[in-house]
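Chemist: no sequence on hand, only this structure:
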């Protein structure tokens, strides 16, 4: 299934002839306190060695806090390849980033992450997923009149009789925020699939960085909910927000809420310039 | 004798005594009794009158007309004065001599246009109404509805019901309505006995009922009589007009958003009548002119005709067809509609036994096109229904109802097709589902004494989920499993399949549904009432609000889903003041519902062939206090309603393991409103001008707010904890309207009136939703409120010819 991070789209849901509006309001929300955030995304770019990898650790903040950058420093980060026990140590860069230049990625292999931070241990296990090459990118115009916008569709082949899941990441020059889209081959197995990206600000000459990742089914479920919840889905069709559950846990305190996810996957990258 | 034996004997003697009294009253006294029966109609248009009161003056012998205007009264031989009264009509007093069984039909004259006069209602009429055990029912005559301020010029049934206590909705933009904390799918909506699945147009803004074609509306919130079954919380029984059998009439209205037209008149050489009414919105024209790419529109058509074969047999043919279409500028299109047709045969066996046989077909269809995913999805439900209802007016103390009903369902959950050539979708047909639902019932209304009347009822319902279908088998029969490592619920992989042949039973359920109601008259002005009902509901509406697109899936009970069972207790106090100028009703209720489903986090219902893998089963409960103060007569009429209530649910992990949704704790349902205050008033200044206004106030509905944020993949992501623990800001609005009836109308055939209205006059931005996300420029978090309906003025011209 194709889920899209539609930013202002559903603002338009409202029936045009009614005097309706969206506006920013002040709301009081609670603060559940700082929790560890593990952004452990191992990306193996097709055609490279994949040895250089980064894991980011940070802490969560209050919802309306303007200081977004709270790095988690002083952690010990190790990833183990499960079949042969090879260990990869990620060095603390003192800014929340932990890096290694010796990672050995292997498709369909299982890896385990272990983090020591603030006297606590956190672990996760995942498998490295593959992705196919991008066939082509097509640019079209969607909508009409006032709501016309440029849209691109990224086409790639989906392997038949295998359950595949994909994450599309779009970084356009017109929008400082990334766009994420998830896709499953549930209805499109074996066909040429596409992931689309659109933005009302796109104009000729704008560039769009396109990354397509292979992901697992568990990560697909996670990122799909994340995408739906982080977007501004205004209008009558409300999503009921749920607590995002990542795959990292504290084995000594399973009730501790650990944010983020440990995932591994192949990635194809390209850049497209809007015509 | 031992103490125990003594007690037992005492108890046993009491039992015998009660039985003897019952038996005696059953047989009646030794005096000879005769019966008068007949049909009540309006004199101007020949419409049968439902719920009119008819009694023998000075006695406690009285009854009300049934849904077809039929009554039957049995009394000892003698001379009486028969009194007939009905709101909006002149009371009839007729001396009669009761010495044989007689047929008496009456025609009542309207008192229309004289609402400012004090209407003298005979004492006994009030008594009869206080005496019926029927409680928790809101009855709206067409005249009451027409006086409520119209929204966008349309008088609306559901909007009017929401002004009464115990009835609310899940926010502007949510279709359907909620009764006593019950879910939207727990209302049995009947239009001339045909089931309507979605009673809303434009996502809840209008109802599918065209008031030009409607004669009577009753909403049963509790104490539901045994003749109704199939939904847990309420019954909305809507009756269409039969059509003016005396003259041809044309009526309609032209409004800002929609217009309507109705034609009615006599047919079949004065042995019957017909009614055609249609309504359509033309908002699409305005949207197109404004250069807006969205589309929102609806239309409906009501048809009815009847034929009186002879004075014991009458045939009715009714139909309804309606459709909604909503398009969000090339991103998705949603359309849905109801279609129903029914043929009914009223047969009067004798002056005490009335029957009605109905053959009904109805269809609900639902379609969704999502451009971004290249999806074209269509689904529908077909019902074939046969029901037979009888009413036996035994004597002046006993009235018996009994009957049976059978419904055959064919659910087509959908066909998925590629929307166009670029779509990668493989065509998919979801499994058709079949089921048969039957019910038999009997109900007895028993006047035990002058002060106490009791209604006993028992319904037995049966549901059989049938093949042809292939179903998955899961390990341990668990379609949803708890993954303790990730602390989430996941879909289980099927281990095998079982094929069920056509007509073979997959699962069946049977339930006894006792219904009990009593009314005790404290004095001639007040009464105390109590009721208990058990309702079994075999269909579930799974509405996925985790999806950003509107989605409704009706799922029948079966191998993985048990029926919803509701138990409701209610007690109430009713009182009239100042000769029925004021009345006050206070009711309190407690309702529990078993087998209420909720979907797991990340559930996906679009084109889902195995719904069982997306849901967990739990329970819900609701309780509250309802107060209603009405002014029924005078230049100023109206009511003030206040409801204090709680509606919550709990979905534990159960056999799947784990704690469940919200860690297995109770959470508010999305339609829980702690306080709900409604006021509606209508003031008739003179023959030319009438003013009315509505005020509504409700506690904001439950929502889930974030409790923090974290940075991931270059984005700020909110974190959430307890489901529905927060609330939106309170909802309130004031509507006003003025109706102008020009002098020119007097004595003229063409009657017209202008209705000027303003919805939400102080333009409060009531939050339909508040969402949280990053500001595109600053990247910082902000809360965005969406308000749908601001101030909306309207002008409508209504006419009658």
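Modeler: Everything's here; your move. Keep in mind that what you see is a predicted model, and the values were worked out from it rather than measured. Residues are numbered from 1 along each chain as shown, chains lettered A, B, ... in the order given.
Chemist: and stretch A:85-98, average pLDDT?
Modeler: Across stretch A:85-98, pLDDT averages out at 93.
Chemist: chain center to it: distance?
Modeler: Between the mean C-alpha point of stretch A:85-98 and the mean C-alpha point of its chain there is a distance of 21 Å (CA atoms, centre = their mean, to the nearest Å).
Chemist: tell me which residues in that stretch are buried?
Modeler: By neighbour count with 16 or more other CB atoms under 10 Å in any protein chain shown, stretch A:85-98 contains the buried residues A:88, A:90, A:92, A:96-98. Bear in mind the C-beta positions are built from the backbone N, C-alpha and C, glycine included.
Chemist: ok, residue B:794 to chain A distance?
Modeler: 11 Å (CB to the nearest CB, to the nearest Å).
Chemist: what helix or strand is that residue on?
Modeler: With elements taken from DSSP states H and E, the one containing residue B:794 is strand B:792-800.
Chemist: what packs against that strand?
Modeler: Contacts defined by 3 or more CB pairs under 8 Å, 6 or more residues apart in numbering or on different chains; DSSP states H and E place strand B:792-800 against strand B:249-254, strand B:751-759.
Chemist: is the last one up against chain A anywhere?
Modeler: Just to be clear, that refers to strand B:751-759. No. Legend: contact between strand B:751-759 and chain A by CB under 8 Å from any CB of the partner chain is lacking; minimum distance shown is 9.7 Å.
Chemist: next, the buried residues of that strand.
Modeler: By 16+ other CB under 10 Å, the buried positions in strand B:751-759 come out as B:752-753, B:755-759.
Chemist: that one: partners in the sheet, and parallel or antiparallel?
Modeler: With DSSP bridges as the test, strand B:751-759 is paired with strand B:731-740 (antiparallel), strand B:792-800 (antiparallel).
Chemist: output these as JSON lines; include the columns mean neighbour count, distance to residue A:110 and mean pLDDT.
Modeler: Below are the strands paired with strand B:751-759 laid out as JSON lines (neighbours: other CB atoms under 10 Å in any protein chain shown; distance: least, CB to CB, whole Å; pLDDT from 0 to 100):
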{"stretch": "strand B:731-740", "mean neighbour count": "18", "distance to residue A:110": "52", "mean pLDDT": "92"}
{"stretch": "strand B:792-800", "mean neighbour count": "17", "distance to residue A:110": "59", "mean pLDDT": "86"}
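Chemist: please convert the ones you listed to JSON lines, extending it with distance to residue B:781.
Modeler: Formatted as JSON lines, the entries for these read as follows, by distance: least, CB to CB, whole Å:
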{"stretch": "strand B:731-740", "distance to residue B:781": "25"}
{"stretch": "strand B:792-800", "distance to residue B:781": "32"}
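Chemist: which one, of those, ends up nearest to residue B:662?
Modeler: strand B:731-740 (24.1 Å; CB to CB).
Chemist: what's in contact with the closest one?
Modeler: By CB atoms under 8 Å, 6 or more residues apart in numbering or on different chains, the residues outside strand B:731-740 that reach it are B:149-151, B:171, B:688-701, B:753-762, B:764, B:766-767.
Chemist: nearest to chain A, of the buried residues of strand B:751-759?
Modeler: The shortest approach to chain A among those belongs to residue B:759, at 9.7 Å (CB to the nearest CB).
Chemist: excluding chain neighbours, what is closest to the closest one?
Modeler: Of all residues not flanking residue B:759 in the chain, residue B:792 sits nearest, at 4.3 Å (CB to CB, 6 or more residues apart in numbering or on different chains).
Chemist: so the one you found makes contact with residue B:760?
Modeler: Yes. With contact defined as CB atoms under 8 Å, residue B:792 reaches residue B:760; the gap is 6.5 Å.
Chemist: which ones are touching residue B:474?
Modeler: Applying CB under 8 Å, 6+ apart, we find residue B:474 in contact with B:492-495.
Chemist: and if we set it to 7 Å?
Modeler: Taking CB atoms under 7 Å, 6 or more residues apart in numbering or on different chains, we find residue B:474 in contact with B:492, B:494-495.
Chemist: repeat for residue B:315
Modeler: In this structure, residue B:315 makes contact with B:306-307, B:309, B:345, judged by CB under 7 Å, 6+ apart.
Chemist: can you select the buried ones from the residues you listed in PyMOL?
Modeler: Per 16+ other CB under 10 Å, the buried members of the contacts of residue B:315 correspond to this PyMOL selection:
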select buried, chain B and resi 306
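Chemist: distance to chain A and pLDDT added to the contacts of residue B:315, as a markdown table?
Modeler: Output for the contacts of residue B:315, formatted as a markdown table (distance: CB to the nearest CB, whole Å; pLDDT from 0 to 100):
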| residue | distance to chain A | pLDDT |
| --- | --- | --- |
| B:306 | 38 | 94 |
| B:307 | 42 | 94 |
| B:309 | 48 | 93 |
| B:345 | 43 | 96 |
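Chemist: for the buried residues of strand B:751-759, work out which two are farthest apart.
Modeler: Farthest pair in the buried residues of strand B:751-759 (CB to CB) is B:752 and B:759. Separation: 22.4 Å.
Chemist: ok and the residue in the stretch 551-700 of chain B nearest chain A?
Modeler: With CB to the nearest CB, the shortest gap between the stretch 551-700 of chain B and chain A falls at residue B:601, namely 4.0 Å.
Chemist: pretty sure residue A:181 contacts residue A:168?
Modeler: Yes. Checked against CB atoms under 7 Å, the pair residue A:181 and residue A:168 is within contact range at 4.2 Å.
Chemist: what's the overlap in contacts for these two?
Modeler: residue A:195.
Chemist: low pLDDT regions in the stretch 451-600 of chain B?
Modeler: Using pLDDT under 70 as the threshold, the predicted model of the stretch 451-600 of chain B has low-confidence ranges B:544-551.
Chemist: quick one: contacts for residue B:629?
Modeler: Contacts here follow CB under 7 Å, 6+ apart; on that basis residue B:629 touches B:584, B:639-640.
Chemist: can you do 8 Å?
Modeler: B:582-584, B:639-641.
Chemist: which members of these occur in strands, if any?
Modeler: Where those overlap with strands, as defined by DSSP state E, the overlap consists of B:582-584, B:639-641.
Chemist: circling back: ok, now which ones touch the residue of the stretch 551-700 of chain B closest to chain A?
Modeler: A:225, A:242-243, A:245, B:488-489, B:546, B:661.
Chemist: for it, give me phi and psi.
Modeler: Reported as degrees, to the nearest 10, the phi and psi values for residue B:601 are phi -60, psi 130.
Chemist: how about stretch B:236-243: buried residues?
Modeler: Applying a neighbour-count criterion of 16+ other CB under 10 Å, one finds B:236-243 buried in stretch B:236-243.
Chemist: re earlier: make JSON lines from the buried residues of strand B:751-759 and add distance to residue B:800 and pLDDT to it.
Modeler: Rendered in JSON lines, the data for the buried residues of strand B:751-759 read as follows (distance: CB to CB, whole Å; pLDDT from 0 to 100):
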{"residue": "B:752", "distance to residue B:800": "8", "pLDDT": "88"}
{"residue": "B:753", "distance to residue B:800": "9", "pLDDT": "88"}
{"residue": "B:755", "distance to residue B:800": "13", "pLDDT": "88"}
{"residue": "B:756", "distance to residue B:800": "19", "pLDDT": "90"}
{"residue": "B:757", "distance to residue B:800": "19", "pLDDT": "88"}
{"residue": "B:758", "distance to residue B:800": "25", "pLDDT": "89"}
{"residue": "B:759", "distance to residue B:800": "25", "pLDDT": "86"}
